[in-house]
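*Asks:* using only what follows, build the 3D model:
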Amino acid sequence: MKKFAFASVAAAALLGGFASAAAAADIARYEVRFDATWTADSHPLDYPGNAHFSGLVGATHNDAYTLFADGGTATPGLEALSEKGAHSPLDGEIRAAIDKGIAGALFESAPLFSFPGKLMAQFTASPVHPYASVAAMVAPSPDWFTGVSQVALMKDGKWIDSITLTLYAWDAGTDNGTTYKAADADAQPRQSIRLNAAPQFAGADGAMKPVGTVSFIRLKDTASN
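*Replies:* Next up is the predicted model:
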């Protein structure tokens, strides 16, 4: 009886080890790299002397979570990030989504004050939360931000090695200001989130000019699919 019990415990431990190894193989470590190209040369109209980006705030998640969407309504957290560069309460909203199981990880960075420049953060993604979203304030501004939402890090059941996306300015729809240093003018009623068509971000041909790129790069020190 004791031998049988010992064998059962040993088998359970072995299976547990296999399960842990399988779980580890399912996760992937990524670095998000935000390369800012918003400068006085690229965007000369009204370019502010104290131009900067807030720190990145982002999350891994499933398709039930949305950080922002074209035509959607900004959460209090996105409003605070877009108007003040504040990470709170957006970080708290992401933690609440993690508690609900629709988000997996919160990642953040310090702000950026020199251009061109780079911001970086690292995070772990899992098949349960295979998407990533991230945002940062374009500052100073009334309620302008940049970022990407619902970026798929898995394709055909496998983690992608990297993806690079062009970043444009967005308007959170929470303030009616039209210049970088406009006085606070709360939008009532609240407007929808939309790509920022302000002349500060338009080229001579009227096309929107990007403010940077964001890359999600898989780090190879993690055993994963």
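*Asks:* hang on, isn't Met120 packed against Tyr30?
*Replies:* No - using CB atoms under 8 Å, Met120 is not in contact with Tyr30; the gap is 10.8 Å. Any C-beta I mention is one placed from the backbone N, CA and C, and that applies to glycine too.
*Asks:* of those two, who's got more company?
*Replies:* Using other CB atoms under 10 Å, the more surrounded residue of Met120 and Tyr30 is Tyr30, with 25 against 15.
*Asks:* in which helix or strand would I find that one?
*Replies:* For Tyr30, the host element (DSSP states H and E) is strand 28-36.
*Asks:* spatially central, which residue of this protein would that be?
*Replies:* Val134 (0.9 Å; CA atoms, centre = their mean).
*Asks:* verify the stated contact: that residue with Thr60.
*Replies:* No - taking CB under 8 Å as the definition, Val134 is not a contact partner of Thr60, at 10.0 Å.
*Asks:* find residues that contact each of the two.
*Replies:* Shared contacts of Val134 and Thr60 (CB atoms under 8 Å, 6 or more residues apart in numbering): Phe107.
*Asks:* may I have the secondary structure class of Gly71?
*Replies:* For Gly71, the assignment made with DSSP: H, G, I helix; E, B strand; the rest coil gives coil.
*Asks:* in the chain, where is pLDDT below threshold?
*Replies:* Within the chain, the stretches with pLDDT under 70 are 1-25, 221-225.
*Asks:* quick one, helices of it?
*Replies:* For the chain, the helices defined by DSSP state H occupy 2-26, 76-84, 90-100.
*Asks:* can you list the buried residues in the last one?
*Replies:* So the one you mean is helix 90-100. Residues of helix 90-100 classed as buried by neighbour count (16 or more other CB atoms under 10 Å): 90-91, 93-94, 97-98.
*Asks:* for Ser162, state which of these is nearest.
*Replies:* Closest to Ser162 out of those is Ile94 (23.5 Å), distances taken as CB to CB.
*Asks:* surely Tyr30 meets Phe216?
*Replies:* Yes - if you go by CB under 8 Å, Tyr30 and Phe216 touch, sitting 5.3 Å apart.
*Asks:* can you check which residues contact both of the two?
*Replies:* What both Tyr30 and Phe216 touch, as defined by CB under 8 Å, 6+ apart, is the set 132, 153.
*Asks:* sweet, I'm off.
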